[in-house]
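1. structure, please.
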Amino acid sequence: MEKNTRVLIYEDNTDLRASLSQLLAGTPGLELAGALGNCTQTEADISRLRPDVVLMDIDMPGMTGIEGLRRIKGVSPTVSVVMLTVFEDNDRVFEAICAGADGYLLKKTPPVKLLDAISEVRAGGAPMTPAIARQVLKLFPRTPPKAAAPPEDSPANLSAREQEVLNLLVEGYSYKMIAADRGISLDTVRSHIKKIYEKLHVRSMTEAVSKALRQGLT
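-> All right, here's what the predicted structure looks like:
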């Protein structure tokens, strides 16, 4: 029997924390590991509650979610951290990505999409709402590769289908959206993305999007 995904919530808004807790506790396959109002004791929380996924409010009193994210990745890099925010500004997005965020969602994300994001991040993806994906695009201005020194990983290394999937990732599509758009199964999407990661030498969707934009692969 597959183990439930343990989810820990950091959110200082009491009502939102309660509604997220209720959503997660009532979803098959998920287990609410805890719901906390601040991340000042992050290392101890992770050790005690042993989450698989953390939903992290980016703006909390005492310590920011980005600092909490850094601490989590410092003690348990395999824990997936999805940032929750009301902000779409470049600086926060960029800082969170650099700190190792595995996903980045707006707090107004519908509950169903939030649950999809948890599944996606557990499958190795990096869920982002379209608005956030657009901000990520702006963070990495496209620079054409020099003719004399082509990039190590060029579009020629990707199959036509892998290139299509990469383009959709860059546009902010989720795994399910890619499957629907291309008329393929979710498992096939995961297989393509795994091969893309291997060929680009990256470990997450954020890294894949960043590398694709920097090297002009889309």
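2. okay, now the domains of this protein?
-> Taking the TED database as the domain assignment, the record places the domains of the chain at 5-139, 160-215.
3. mind telling me which of those domains the model trusts least?
-> Lowest mean pLDDT within the domains of the chain: domain 160-215, a mean of 83.
4. run the chain-centre distance for that one.
-> Offset of domain 160-215 from its chain centre (C-alpha atoms, centre = their mean, to the nearest Å): 13 Å.
5. now mean neighbour count too, for the domains of the chain, in CSV please.
-> From N, CA and C alone the C-beta is placed, and that goes for glycine too. Supplementary listing: these in CSV, determined by neighbours: other C-beta atoms under 10 Å:
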stretch, mean neighbour count
domain 5-139, 18
domain 160-215, 18
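6. quick one: residues contacting the closest residue to Leu105 other than its chain neighbours.
-> Using C-beta to C-beta, 6 or more residues apart in numbering and skipping residues adjacent in sequence, the residue nearest Leu105 is Thr129, 5.3 Å away. The contact partners of Thr129, taken as C-beta atoms under 8 Å, 6 or more residues apart in numbering, are Tyr104, Leu105, Leu106, Thr109, Lys113, Gly172.
7. so which residues of this protein form strands?
-> When secondary structure is read from DSSP state E, the chain shows strands at 5-10, 30-36, 53-57, 80-85, 103-106.
8. in CSV: the ones you listed, plus distance to His201.
-> Rendered in CSV, the data for those read as follows (distance: least, C-beta to C-beta, whole Å):
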stretch, distance to His201
strand 5-10, 27
strand 30-36, 32
strand 53-57, 25
strand 80-85, 20
strand 103-106, 21
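9. noted, bye for now.
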